[in-house]
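[1] generate coordinates for the sequence data below:
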Amino acid sequence: MKMKEMCVLLTRIRLQSRHVGVKTASNQWMNMMRSALLCLAILISSALPAFAKERVYYVAAQDVIWDYAPSQDNQMMGREFSEDEQVFAAKSASTIGSTYKKTLYIEYTDASFNTVKERDSDWAHLGFLGPVFHAEVGDTIKVIFKNKSDRPYSIHPHGVFYEKSSEGARYNDGTSGNDLLDDAVQSGETYIYQWEVRERAGPGPKDPDSIAWLYHSHVSGIQDPSTGLIGAMIITRKGAADTLGRPRDVAREFINVFWVTDESLSWHADKNAEPLGQIEDTDAFEEGNLMHNINGYIYGNIPDLRLKEGEKSRWYLFGFGSEVDLHTPHWHGNTVLWDGRRADTIDLLPASHKIVDMTPDAPGTWMYHCHVNDHISAGMTALYHVLPANE
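    Predicted coordinates for the structure are as follows:
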């Protein structure tokens, strides 16, 4: 009911009350008033925006042992590693193999940081990426960050709004005092980051109902991510998210970071190379440290890229790294929509992103890989699985 109509209704009630008995008029007045007030409450509540939420995450920087190829074979081709592939995947007198010490963002259940939050199977493909921060435009993201590693780290977000005290980046910006605490959280310390999810962080007019941004440590903008401290957040359009902040218009979401991670730039580089002692072939050593991965996996080892025939899924694609990180993700068997255009290959530059939607019509197991030749041979490959609609 509109405001004008409600005013007319109340006027009629007053007029009618003059021509009936006092008791009848009083009862009629009370009943009609209750109805009018109820309509007014509904009108006001429908006009107000939904209450914004504070999305709280508990995240630690933590040292782990990471395996880029946990199956210890080429899952893409269903065979053992070839001699050329062993440079990246097998340990030798000059190569580290697929296992490295890294520092990752690990999510916990609460501020005690005693219990690691179990990752849902839909997000097993995240690999060495940090937890996904879901939020809706209007929300606030609050990250309680504890540094469980042995050197200073931070969390620097892309896209969202933040004060200087929550930027998480160290540089000559003229700040002082408490505004410096976020730049480098020392070992054993805890810091709270708060980021506003304003409209400028959400989908634009031509975007789908959700988009994504990176976050990463920025004490050293090169070494920190190379050590493993990188993740993504997904921002959904106002009114288009479920109670968890996830977009309602898709059945599955996938985040993929295509990256030639140079392990020689990691803060753990010396520690990782230590078991080799005197390196026999420095060329092989340097090449073997260039892990051509998707989310920290090589040669098809990334798990659970599963979707269903006829169901829409959203893929958030990122590039990262250096001048060699020119990537062209390509799906066999199905196509995607990007910016209203049909495609099966998307181009990425370092620290850039693209969001595409896929509604597969071809069930089966399909190849998914960067289409740059050198990246294919070095292991930037995966398998995705489309289940039939009746399963």
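[2] around Arg151, how many other residues sit close by?
    By other C-beta atoms under 10 Å, the residues close to Arg151 number 16. Where C-beta positions appear, they are placed from N, C-alpha and C, glycine not excepted.
[3] do the same with Asp110
    Residues within reach of Asp110, counting by other C-beta under 10 Å, total 11.
[4] that one contacts Tyr58, doesn't it?
    Yes: at 6.0 Å, Asp110 and Tyr58 qualify as touching, with contact defined as C-beta atoms under 8 Å.
[5] can you tell me the SS state at Ala69?
    coil (DSSP: H, G, I helix; E, B strand; the rest coil).
[6] test my guess that it contacts Ala90.
    No: contact between Ala69 and Ala90 fails when scored by C-beta under 8 Å: they sit 9.1 Å apart.
[7] okay, and the beta partners of Leu387?
    Beta-bridge pairing for Leu387 (DSSP bridges): Lys308.
[8] who are the contact partners of it?
    Arg306, Leu307, Lys308, Glu309, Pro363 (C-beta atoms under 8 Å, 6 or more residues apart in numbering).
[9] separation between it and Ser313?
    According to C-beta to C-beta, to the nearest Å, Leu387 stands 12 Å off from Ser313.
[10] what do these two both touch?
    Jointly contacting Leu387 and Ser313 under the rule C-beta under 8 Å, 6+ apart are Leu307.
[11] hmm, back to that, of Ala69 and Ala90, who's got more company?
    Counted by other C-beta under 10 Å, Ala69 and Ala90 do not tie: Ala69 has more neighbours, with 24 against 17.
[12] state the distance from the residue nearest in space to the middle of the chain to Glu274.
    In the chain, the residue lying closest to the centroid (C-alpha atoms, centre = their mean) is Ala232, at 3.0 Å. To Glu274, Ala232 is 32 Å away according to C-beta to C-beta.
[13] ok, back up a step: show me which of the contacts of Leu387 is closest to Pro205.
    Nearest to Pro205 among the contacts of Leu387: Leu307, at 27.0 Å, using C-beta to C-beta.
[14] what's around the closest one, how many residues?
    Neighbour count of Leu307, defined by other C-beta under 10 Å: 22.
[15] next, the contact list for it, please.
    Ala251, Arg252, Ser313, Met358, Pro360, Tyr384, His385, Val386, Leu387 are the contacts of Leu307 under C-beta under 8 Å, 6+ apart.
[16] put the buried members of the residues you listed into a ChimeraX selection.
    Those of these that count as buried under 16 or more other C-beta atoms under 10 Å are selected in ChimeraX with:
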select :252,313,358,360,384,386
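[17] listing request: residues of the stretch 51-200 of the chain with sub-threshold pLDDT.
    Low-confidence segments of the stretch 51-200 of the chain (pLDDT under 70): 51.
[18] for the chain, just list every one of the helices.
    For the chain, the helices defined by DSSP state H cover 3-17, 22-47, 86-89, 223-227, 269-273, 282-288, 373-377.
[19] return the set of buried residues in the fifth one.
    Looking back up the chat, that one is helix 269-273. Under the neighbour-count criterion of 16+ other C-beta under 10 Å, helix 269-273 has Ala269, Asn272, Ala273 buried.
[20] and the gap between the first one and Lys312?
    Distance of Ala269 to Lys312, given as C-beta to C-beta: 42 Å.
[21] per-domain residue ranges of this structure.
    3-47, 54-387 (automatic domain parsing).
[22] adding distance to Arg119 and pLDDT, write the contacts of Leu307 out as JSON lines.
    Compiled in JSON lines, these are given as follows (distance: C-beta to C-beta, whole Å; pLDDT from 0 to 100):
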{"residue": "Ala251", "distance to Arg119": "19", "pLDDT": "97"}
{"residue": "Arg252", "distance to Arg119": "15", "pLDDT": "97"}
{"residue": "Ser313", "distance to Arg119": "18", "pLDDT": "98"}
{"residue": "Met358", "distance to Arg119": "23", "pLDDT": "98"}
{"residue": "Pro360", "distance to Arg119": "24", "pLDDT": "98"}
{"residue": "Tyr384", "distance to Arg119": "19", "pLDDT": "98"}
{"residue": "His385", "distance to Arg119": "19", "pLDDT": "98"}
{"residue": "Val386", "distance to Arg119": "23", "pLDDT": "98"}
{"residue": "Leu387", "distance to Arg119": "21", "pLDDT": "97"}
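[23] closest to Ala284 among the contacts of Leu307?
    Looking across the contacts of Leu307 and measuring by C-beta to C-beta, the closest to Ala284 is Tyr384, at 31.7 Å.
[24] looking at it, the closest one is touching Lys308, isn't it?
    No: applying C-beta under 8 Å, one finds Tyr384 not in contact with Lys308, separated by 11.7 Å.
[25] can you tell me the closest non-neighbouring residue to Ala351?
    Spatially, and ignoring its direct neighbours in sequence, Ala351 is nearest to Phe320 (5.9 Å; C-beta to C-beta, 6 or more residues apart in numbering).
[26] could you do Ala90 as well?
    Of all residues not flanking Ala90 in the chain, Gly97 sits nearest, at 5.4 Å (C-beta to C-beta, 6+ apart).
[27] which neighbours do Ala69 and Ala90 share?
    Residues touching both Ala69 and Ala90 by C-beta under 8 Å, 6+ apart: Phe81, Ser98.
[28] report the buried residues of stretch 357-373.
    In stretch 357-373, counting by 16+ other C-beta under 10 Å, buried: Met358, Thr359, Pro360, Pro363, Trp366, Met367, Tyr368, His369, Cys370, Val372.
[29] could you list every residue that touches the fifth one?
    The contact partners of Trp366, by C-beta under 8 Å, 6+ apart, come to Trp331, His332, Gly333, Asn334, Leu383, Tyr384, His385, Val386.
[30] could those residues go into CSV alongside distance to Ser166?
    Output for those, formatted as CSV (distance: C-beta to C-beta, whole Å):
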residue, distance to Ser166
Trp331, 37
His332, 42
Gly333, 43
Asn334, 40
Leu383, 39
Tyr384, 36
His385, 39
Val386, 41
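[31] farthest-separated two in those?
    Largest separation among these by C-beta to C-beta: Asn334 and Leu383, giving 13.1 Å.
[32] please list all residues in contact with Ala284.
    Neighbours of Ala284 in contact, by C-beta under 8 Å, 6+ apart: Val87, Ser92, Ser94, Thr95.
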